[in-house]
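[1] Got a predicted model here, sequence first, then my questions.
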Amino acid sequence: MNETAARHPNRFMADLILTMRSTAEKARQGTIEQCQADAKAYTERLHARTDDEAASLRKAAEADVSAIRDWSKAEMERIRVETEQRISRRRELLEQELQEYNSAIELEIERVQKRVVSFEQEVAQFFEQLQQETDPTVFASMAAQMPDPPEFSESDRSSITEDLRARREQIVRPVVADTGGGTDGAQPAEAEPTPELTEEAADARLAGGRGAAGKPAAVESTQVVVVGLVSVASIATFKRQVGRLPGVKNVGVSSGPDGEFIFTVGHSADTSLSQLIPTLPAFQARVVSEREGVLNVSAHDPEAEG
């Protein structure tokens, strides 16, 4: 009888299996529906958060764009100011170049005239001796020894041109240093050595040498009598360096009767040339004596070396 029950399940077991299958199917459907509902809710939350994030990103981008525009305006203003300053300095340098060039030409002309006078005196002495000779043979021999005229060249001015070119490069192609206010994260560039003409000196010259109260500063004149200078290049360089000393307004130069050169220096009343002249580089300048309005200086000519 047990074998027959195993082969033929009873009605109760069949109904139980059908109920279990129906319950499982309902559980499967409920699980799928719950998963779909959870996915839909999560998707809606994603869409809502995406809108908020997009709005936040747009706001941040607009803030960055505004900052970039502000930086650009500041940079353009800085470049405009720097451009005007460099143009002013270049035009000021042009005036110095013209002054140096004219001074060099004047000195060279004086030197040529002195050589011409010396040659004329030499020729006059030669002909004076020649006219005293009565022997034709000796006369012809002496005439063959007539002095040759001096030769003139412009090689002495080459160093001035090189120096002026170097000074132009400092203005036309300066190395830009970091001002500390940039927003682009650029690394600061290595600054060049400070040029001899400082910004304070340039500003003072552009302001016409006015004092803090806007009134012209008192100007005195001193003659700096220098011995030891030989080349035109060194004379022009000495003049230029004196012109850059603190308080100096203008410098003129002329040659003296005994080979010295007289630099007429206009300067502020509180400027001590006797202390500043020895600081000029390369010339080893030394104050020999000083009296009212005159300063006697001994200098070494760097161009005369070798």
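    The structure has been received and is ready for your questions.

[2] which residues of the stretch 51-200 of the chain fall in helices?
    Secondary structure of the stretch 51-200 of the chain by DSSP state H, counting those that start in this stretch: the helices cover 136-143, 158-172, 199-206.

[3] next structured bit after the least confident helix or strand in the chain by mean pLDDT?
    Taking mean pLDDT, DSSP states H and E as the measure, the helix or strand of the chain with the lowest value is helix 199-206, at a mean of 44. As assigned by DSSP states H and E, the chain's next helix or strand after helix 199-206 is strand 219-227.

[4] Please report the distance of Ala304 from Val226.
    In this view, Ala304 and Val226 are 14 Å apart by CB to CB, to the nearest Å. Just so you know, the C-beta spots here come from the backbone N, C-alpha and C atoms, and that holds for glycine as well.

[5] what's the answer for Pro281, then?
    For Pro281, the distance to Val226 - CB to CB - is 15 Å.

[6] who's more crowded, the two?
    Set side by side, Pro281 and Val226 show more neighbours around Val226, with 25 against 10, by other CB atoms under 10 Å.

[7] ends of stretch 272-292, how far apart?
    Start-to-end span of stretch 272-292 (CA to CA, to the nearest Å) is 12 Å.

[8] I would like the residues contacting that stretch, please.
    With CB atoms under 8 Å, 6 or more residues apart in numbering as the contact definition, stretch 272-292 has outside contacts at 222, 224, 226, 234, 237-238, 241-242, 245-246, 265, 267, 295-302.

[9] Backbone torsions only: list them for Arg244.
    Main-chain torsions, Arg244, degrees, to the nearest 10: phi -100, psi 0.

[10] where does the stretch 151-300 of the chain dip in pLDDT?
    For the stretch 151-300 of the chain, the stretches flagged by pLDDT under 70 are 154-164, 174-218.

[11] One more pass at 90, please.
    Applying pLDDT under 90 to the stretch 151-300 of the chain flags the ranges 151-220, 230-237, 253-260, 269, 281-282, 292-293, 300.

[12] which stretches of the stretch 201-306 of the chain form helices?
    Using DSSP H, counting those that start in this stretch, the helices of the stretch 201-306 of the chain run over 232-243, 273-276.

[13] closest one to Ile105 among those?
    The stretch from the helices of the stretch 201-306 of the chain with the least distance to Ile105 (CB to CB) is helix 232-243; that distance is 9.1 Å.

[14] the inter-axis angle of the closest one versus strand 219-227?
    Here helix 232-243 runs at an angle of 150 degrees relative to strand 219-227 (axes from the mean of the first three to the mean of the last three CA atoms, to 10 degrees).

[15] Kindly format the C-alpha coordinates of helix 232-243 as PDB.
    Taking C-alpha atoms only, helix 232-243 is exported to PDB below (Å, rounded to 0.1, in the frame of the first residue of the first chain):
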ATOM      1  CA  VAL A 232      86.800 109.600 -26.300                       C
ATOM      2  CA  ALA A 233      84.900 106.500 -25.200                       C
ATOM      3  CA  SER A 234      86.100 106.900 -21.600                       C
ATOM      4  CA  ILE A 235      85.300 110.600 -21.500                       C
ATOM      5  CA  ALA A 236      81.700 109.900 -22.700                       C
ATOM      6  CA  THR A 237      81.300 107.100 -20.200                       C
ATOM      7  CA  PHE A 238      82.700 109.200 -17.400                       C
ATOM      8  CA  LYS A 239      80.200 112.000 -18.300                       C
ATOM      9  CA  ARG A 240      77.300 109.500 -18.500                       C
ATOM     10  CA  GLN A 241      78.100 108.000 -15.100                       C
ATOM     11  CA  VAL A 242      78.400 111.400 -13.500                       C
ATOM     12  CA  GLY A 243      75.000 112.300 -15.000                       C
END
